[in-house]
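**Student:** What follows is a predicted structure for the sequence shown.
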Amino acid sequence: MVRIRPRAWISAYVLQRLSPLFWRPERALYFASRAVAKPSEVRVPTRHGSVRCLIYRPPAGAPAPGGAGRLPPVHIQIHGGGFYGRYPEQDEHIAGYIASDVGAVVVSVDYDVAPQVQFPVAEEECYDVAAWVYDTAAVNGWDAGRISVGGGSAGGKLAINVCQLAHANEAFRLRALVTEYAVADVTRTDRTSAKRNAKISPAIQRLVNDTYFADAARHADPIASPLHDKDLALALPATLVMTGEYDTLAPEMDHIAETLRRAGVTVVHRQFAKTDHGFTHGPPVETAREAIRLIGEHLTTAFSY
């Protein structure tokens, strides 16, 4: 493990501990059509130790994508937070909507983060959770043939990584991928935006690289930076790419969306005008709700057969 400078270590740790305060979703974004029970907690074994996961189940009356009588599909939700924030509850409004209005089980992953761990621990933990979801489908009562994965920001990259690793290991095929304002290139920390004081500043980019991606020699690894994976299109299922016009990370995901489309991958690409990073979790509420509904539509389509 590469040694992290004390100042960067402390900064990441403090922000990690403050995650529950910073990343609580707007109450107005809890707009699921049906009440969803509080999630159950399980410890999922991974090569780096057990990982806490939250499991949200579809309530009575939820849709049955693909027809009644089938086991429900399952969506793996991976939260964001710059690879140092650790608070999967930040996505509970999205998980609740998917459970209620799509009719899928949602497994939300509480993966390890910096400064305590570094690349590729989170990537491997998320993949191992996905493999567990596939392997234990019969026991847990969901459909192993209908699994999707998604997330925002760091979670969006980790969701891409799950697809890459599943393809490389010839383990299982995901039905769908959802990315919200994802990061896809850690070889650079100089991204800028037309918006003054954009959320993902160069300082935040440097903190991420100084802590989680501390080994600069690995920045161009296709798992660290999926933008540089020449075979990415072979690994990805039907993909939803959502970006914000003013998000400093948007150009790399816009580029990936176009690359996938040219390669024949089914892609839904939406850039939300005049929005910055994190638009599924805060105002304007109308934009957040539109984005979350788009997630629901994408998954419903993927699970319909």
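**Tutor:** Perfect, thanks for sending it.

**Student:** Just checking, which helix or strand of the chain averages the lowest pLDDT?
**Tutor:** helix 19-22 (a mean of 86; mean pLDDT, DSSP states H and E).

**Student:** How about residues contacting that one?
**Tutor:** 15, 81, 85-87, 89-90 (C-beta atoms under 8 Å, 6 or more residues apart in numbering). Backbone N, C-alpha and C define where each C-beta goes, glycine included.

**Student:** let's see 10 Å
**Tutor:** Outside helix 19-22, the residues that touch it by C-beta atoms under 10 Å, 6 or more residues apart in numbering are 15, 79, 81-82, 84-90, 113.

**Student:** after it, next one along is what?
**Tutor:** Going down the chain from helix 19-22, the next helix or strand is strand 40-44, by DSSP states H and E.

**Student:** Relative to Ser193, how far out is Glu290?
**Tutor:** 21 Å (C-beta to C-beta, to the nearest Å).

**Student:** I meant Leu249, not that one.
**Tutor:** Taken as C-beta to C-beta, the span from Leu249 to Ser193 is 9 Å.

**Student:** Between those two, which contacts overlap?
**Tutor:** By C-beta under 10 Å, 6+ apart, Leu249 and Ser193 have these common neighbours: 199-200, 276-277.

**Student:** Tell me which two of those sit farthest apart.
**Tutor:** The span of the shared contacts of Leu249 and Ser193, defined through C-beta to C-beta, is set by Ile200 and Asp276 at 8.2 Å.

**Student:** shared neighbours of the two, which are they?
**Tutor:** Residues touching both Ile200 and Asp276 by C-beta under 10 Å, 6+ apart: 181, 193, 246-250.

**Student:** quick one on the thing from earlier: so for Leu249 and Ser193, which residue has more residues nearby?
**Tutor:** Between Leu249 and Ser193, Leu249 has the larger neighbour count (other C-beta atoms under 10 Å), namely 25 against 20.

**Student:** In this structure the more buried one contacts Gly156, no?
**Tutor:** Yes: taking C-beta atoms under 10 Å as the definition, Leu249 is a contact partner of Gly156 at 9.0 Å.

**Student:** what touches both of the two?
**Tutor:** Joint contacts of Leu249 and Gly156 (C-beta under 10 Å, 6+ apart) are 181-184, 243.

**Student:** Let me have the residues you listed in CSV, extended by secondary structure and neighbour count.
**Tutor:** Formatted as CSV, the shared contacts of Leu249 and Gly156 follow (DSSP: H, G, I helix; E, B strand; the rest coil; neighbours: other C-beta atoms under 10 Å):
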residue, secondary structure, neighbour count
Tyr181, coil, 28
Ala182, coil, 29
Val183, coil, 30
Ala184, coil, 22
Thr243, strand, 26
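
**Student:** For Ala238, give me the pLDDT.
**Tutor:** pLDDT, Ala238: 98.

**Student:** ok, the residue nearest to it when sequence neighbours are not counted to Thr301 distance?
**Tutor:** Spatial nearest neighbour of Ala238, excluding adjacent residues (C-beta to C-beta, 6 or more residues apart in numbering): Thr266 at 4.1 Å. Thr266 sits 9 Å away from Thr301, going by C-beta to C-beta.

**Student:** Please enumerate the shared neighbours of the two.
**Tutor:** With C-beta under 10 Å, 6+ apart as the test, Thr266 and Thr301 both reach 176, 238, 240.

**Student:** longest helix of this protein?
**Tutor:** Ranked by residue count, the top helix of the chain under DSSP state H comes out as helix 285-302.

**Student:** what does the model give Glu26 for pLDDT?
**Tutor:** 85.

**Student:** so it makes contact with Thr287?
**Tutor:** No: the criterion here is C-beta under 10 Å, and Glu26 misses it with Thr287 at 11.3 Å.

**Student:** joint contacts of these two?
**Tutor:** Listed contacts common to Glu26 and Thr287 are Thr280; contacts here mean C-beta under 10 Å, 6+ apart.

**Student:** And the stretch of helix or strand Pro251 belongs to, what's buried?
**Tutor:** Following DSSP H and E, one finds Pro251 within helix 250-262. For helix 250-262, burial by neighbour count (16 or more other C-beta atoms under 10 Å) applies to 250, 252-254, 256-257, 260-261.

**Student:** Repeat that for stretch 297-305.
**Tutor:** Quick answer for stretch 297-305 (16+ other C-beta under 10 Å): 298-303.

**Student:** In contact with Ala12: list those residues for me.
**Tutor:** 4, 82-85, 113-116, 207-208, 210-212.

**Student:** can I get those residues in CSV with neighbour count?
**Tutor:** CSV is the format used below for these (neighbours: other C-beta atoms under 10 Å):
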residue, neighbour count
Ile4, 19
Gly82, 21
Phe83, 32
Tyr84, 25
Gly85, 24
Val113, 26
Ala114, 29
Pro115, 23
Gln116, 15
Leu207, 22
Val208, 22
Asp210, 21
Thr211, 28
Tyr212, 27
